[in-house]
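Engineer: predicted model and sequence follow; I will ask about them next.
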Amino acid sequence: MKTICAFFSALLFSTFLQAQTNIISTNPEAAQVMKGNYDPSAYTLPPVINDKTQIVNGINSLISNDSLHSYLKKLGSFYNRNTGSDTVSGTRGVGAARRWVFDMFLQYSSQNQGRLLCSYLQFDQNICNITQHRNIFAVLPGSDTAEKDITIIEAHMDSRCEDGCDTSCLAQGIEDNASGTALVMELARVMSKYTFKRTIVFLVTIGEEQGLYGANAFAQYVTDNAIEVRGVQNNDVIGGIICGYTSSPPSCPGPNDIDSLNVRIFSAGNYASTPKAYARFSKVEYIDELLPIVSVPTNIRIMTPEDRTGRGGDHIPFRQKGYRSVRFSSANENGSGDIGPGYTDRQHSVRDVLGKDLNSDGILDSFYVDFNYLKRNAVINGVAAAMSASGPVVPAFNIVNNSSGLSVQLTSALPETKYRVSVRRDAANYDLDLLFAFADTTAFRIPFVKKDSTYFVSIASIDDNGVESIFTVEKTAKALGDGPVTTSIPEQLKEEFTSFKLLDAVPNPFRGSTSLFVKMGECDPSTKISIRVFDIIGRQIQELTVNPVNGEISEVFYDHQDRGYGIYTYTLVLNGNMIDSKKFLVTK
Ligand SMILES: [Zn+2]
């Protein structure tokens, strides 16, 4: 595979630091709500649905792949959404596209008693010879102004061809980034039905392709107006599942590889950065709230770099101004077609379209964006933002390090009585490792700690509804003694990551072969983990070894061969003990 840094990215970052001027919100009410200057009762209209389970189930069931498909089709119909394209036409160009997004936000608002406040964020900046531009955003006011920090879900809407200012080419920009725009819109539609403690902002930017201008203008506006931000979730290239030839690393095992089971979260900084903490928070919320109820599991990969090599995105200007910001991107992407002649990848080219018409009947029948995958990513985003907007105050703590190992000592007085501790043991892996919960005490001794090993520890508070805060930044300590072992966990602890669980087979029913998934818990590396497959009368027909990774989803390939159709049982086995069982159906 070719891994080439697009020459255009050099231009992208060199122009990026120019400041935008005259940044205004066209809806003063939306601006006041973002600042926290409003009466929440004016927006908390019945039905007030603020129950965590109802919200999670609602987001999971109401986000529609058909809606997402229809938005992508419509966004493609504007032909060219370059930031310098036509602003006057009612059907073509960036002007028509942004008015359509704005009208859709208005529609979602009217379906929810006007609760969603729609606005443009206008700013002056010369981009492709147009000097004034508009982001579109919609504000869902929080029910409590005691904490004013907002959560932003965003995507850029502008598209481009090989020449960054070509406003006449076909630039449907479906993967990059109608996919993210559709995701933000669909979340605005569904989440407007619910009431969150803090304000959520749905933001669609322009000017990304020429230098992240729209996001920079919004980040500047937020800073200038002292608006507090809890987290920013940028979605860019979020619906495709097919590898191209030129995708920037780390991405794509090889051309035409297909992957709809992984999504990446990029974020800046080392383990102790606030963006990394927000990335891990998003993953924890997925594992806690969604994994038990979804039919197809997603593995969320916490990436080490801030973005793919040579590429950037709208989360960067927010991070530069000190906000927790992350980027969600597909695991696989069809890379840049703008590198030069001879490259056939789709992004930044006329080829970034919705799909192919295989039998020439004028109807697309093969799609480059997987609507179900896009839907799953929308649900993951929605639940992360919902929990961010609902959770309690982030706690503060110190690590006590002595011959009893490591203990967490709370240093802030909070009304919450429950806390969660995240412990990582590998400096090189920024992903989740171990999670523990404790309650009704201000100190907690961390299990599994081994003397002379280094640990990275952060904590979150949990409110009465079971909603947790964002995690603190991590603190590091090299243990002076051993901690307790799993078999003698103190009474007040609930060790949460030891629970291994079988997930549904995908596909199921199936012919030939399927994938079996295990939600992995904490275990000693010597633990023997396997899946045994039994026929209907209980005869074991196969035993498959499961890779011992901690706190991840492990996938095991199962080949049924010629064993006959019918219902089979598969069982997760740890050191000879059967832990969990499920069934699959083999069809004729
Ligand atoms: Zn993009």
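Structural biologist: Happy to help now that I have it.

Engineer: hey, let's count contacts and neighbours off CA atoms from now on
Structural biologist: Noted.

Engineer: any stretches of the stretch 201-350 of the chain with poor pLDDT?
Structural biologist: Of all residues in the stretch 201-350 of the chain, those with pLDDT under 70 make up the ranges 340.

Engineer: tell me which parts of it are close to the ion?
Structural biologist: residue 236 (C-alpha under 5 Å from the ion).

Engineer: what about the residue lying closest to residue 545 once chain neighbours are set aside, neighbour count?
Structural biologist: In space, residue 545 comes closest to residue 530 once its chain neighbours are excluded; the distance is 4.4 Å by C-alpha to C-alpha, 6 or more residues apart in numbering. Neighbour count of residue 530, defined by other C-alpha atoms under 10 Å: 21.

Engineer: secondary structure element holding residue 530?
Structural biologist: In this structure, residue 530 is located in strand 529-534 according to DSSP states H and E.

Engineer: give the partner strands of the helix or strand just after that strand in its sheet and their orientations.
Structural biologist: Toward the C-terminus, strand 529-534 is succeeded by strand 540-545 as the next helix or strand (DSSP H and E). With DSSP bridges as the criterion, the sheet partners recorded for strand 540-545 are strand 529-534 (antiparallel).

Engineer: name the residues that touch the partner strand?
Structural biologist: 540-548, 568-575 (C-alpha atoms under 8 Å, 6 or more residues apart in numbering).

Engineer: would you list the buried entries among the residues you listed?
Structural biologist: Among these, those buried by neighbour count (16 or more other C-alpha atoms under 10 Å) are 543, 544, 546, 547, 548, 568, 569, 570, 571, 572, 573, 574.

Engineer: in a markdown table, list the residues you listed along with secondary structure, pLDDT and distance to residue 48.
Structural biologist: Shown next, in a markdown table, are these (DSSP: H, G, I helix; E, B strand; the rest coil; pLDDT from 0 to 100; distance: C-alpha to C-alpha, whole Å):
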| residue | secondary structure | pLDDT | distance to residue 48 |
| --- | --- | --- | --- |
| 543 | strand | 93 | 50 |
| 544 | strand | 94 | 48 |
| 546 | coil | 90 | 45 |
| 547 | coil | 80 | 45 |
| 548 | coil | 70 | 44 |
| 568 | strand | 85 | 45 |
| 569 | strand | 84 | 43 |
| 570 | strand | 90 | 43 |
| 571 | strand | 86 | 42 |
| 572 | strand | 86 | 42 |
| 573 | strand | 83 | 44 |
| 574 | strand | 78 | 45 |
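
Engineer: quick one: mean pLDDT over the strand holding residue 530.
Structural biologist: For strand 529-534, the mean per-residue pLDDT is 90.

Engineer: in the protein, where is pLDDT below threshold?
Structural biologist: Counting by pLDDT under 70, the chain contains low-confidence ranges at 1-18, 340, 485-499, 523-524, 536-538, 549-551, 576-578.

Engineer: show me where the stretch 101-250 of the chain has helices.
Structural biologist: Secondary structure of the stretch 101-250 of the chain (DSSP state H, counting those that start in this stretch): helices located at 179-191, 208-211, 213-224.

Engineer: which one of the ones you listed lies closest to residue 353?
Structural biologist: Shortest separation from residue 353 across these is recorded for helix 179-191, at 11.0 Å, computed as C-alpha to C-alpha.

Engineer: so what does the closest one touch, helix or strand wise?
Structural biologist: Using 3 or more C-alpha pairs under 8 Å, 6 or more residues apart in numbering; DSSP states H and E as the contact criterion, the secondary-structure elements in contact with helix 179-191 are helix 52-62, helix 65-77, helix 93-110, strand 150-156, strand 200-205, strand 229-235, helix 371-390.

Engineer: go again with 10 Å.
Structural biologist: Packing contacts for helix 179-191, counted by 3 or more C-alpha pairs under 10 Å, 6 or more residues apart in numbering; DSSP states H and E, involve helix 52-62, helix 65-77, helix 93-110, strand 130-140, strand 150-156, strand 200-205, strand 229-235, helix 371-390.

Engineer: save the helices of the stretch 101-250 of the chain as TSV, and put in mean neighbour count too.
Structural biologist: Below are these laid out as TSV (neighbours: other C-alpha atoms under 10 Å):
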stretch	mean neighbour count
helix 179-191	27
helix 208-211	26
helix 213-224	23
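
Engineer: closest to residue 200 out of those helices?
Structural biologist: Across those, closest to residue 200 is helix 179-191 (C-alpha to C-alpha), at 9.1 Å.

Engineer: interface residues of the stretch 51-200 of the chain facing the ion?
Structural biologist: Taking C-alpha under 5 Å from the ion as the criterion, the neighbours of the ion within the stretch 51-200 of the chain are residue 176.

Engineer: in the stretch 351-500 of the chain, what residue comes closest to the ion?
Structural biologist: residue 352 (11.5 Å; C-alpha to the ion).

Engineer: confirm that that residue sits in a helix.
Structural biologist: No: counting by DSSP: H, G, I helix; E, B strand; the rest coil, residue 352 is not found in a helix; it is coil.

Engineer: burial of the nearest residue to it once chain neighbours are set aside, as a residue count?
Structural biologist: The spatial neighbour of residue 352 that comes closest, neighbours along the chain excluded (C-alpha to C-alpha, 6+ apart), is residue 346 at 4.5 Å. Close neighbours of residue 346, defined as other C-alpha under 10 Å, add up to 25.

Engineer: and if you look at the one 10 residues further on?
Structural biologist: Residue 356 is surrounded by 14 other residues when neighbours are defined as other C-alpha under 10 Å.

Engineer: I'd like the distance between it and residue 135.
Structural biologist: From residue 356 over to residue 135 the distance is 31 Å, taken as C-alpha to C-alpha, to the nearest Å.

Engineer: residue 338 now?
Structural biologist: Between residue 338 and residue 135 the distance is 25 Å, computed by C-alpha to C-alpha.

Engineer: same question, residue 442
Structural biologist: Taken as C-alpha to C-alpha, the spacing of residue 442 relative to residue 135 amounts to 45 Å.

Engineer: between the two, which has more neighbouring residues?
Structural biologist: Residue environment comparison for residue 442 versus residue 135 gives the larger neighbour count to residue 135, 24 against 16, counting by other C-alpha under 10 Å.

Engineer: touching, that one and residue 121? I think so.
Structural biologist: Yes: at 5.0 Å, residue 135 counts as touching residue 121 under the criterion of C-alpha atoms under 10 Å.

Engineer: so the residue nearest to residue 545 bridges to which residues?
Structural biologist: With DSSP bridges as the rule, residue 530 is bridged to residue 545, residue 573.

Engineer: residue contacts, residue 223?
Structural biologist: Residue 223 sits next to 217, 229, 318, 321, 322, 323 when contact means C-alpha atoms under 10 Å, 6 or more residues apart in numbering.

Engineer: which residues touch residue 465?
Structural biologist: Counting by C-alpha under 10 Å, 6+ apart, residue 465 makes contact with 50, 51, 52, 53, 390, 391.

Engineer: and it, what element?
Structural biologist: Using DSSP H and E, residue 465 is not contained in any helix or strand.

Engineer: understood, closing this out.
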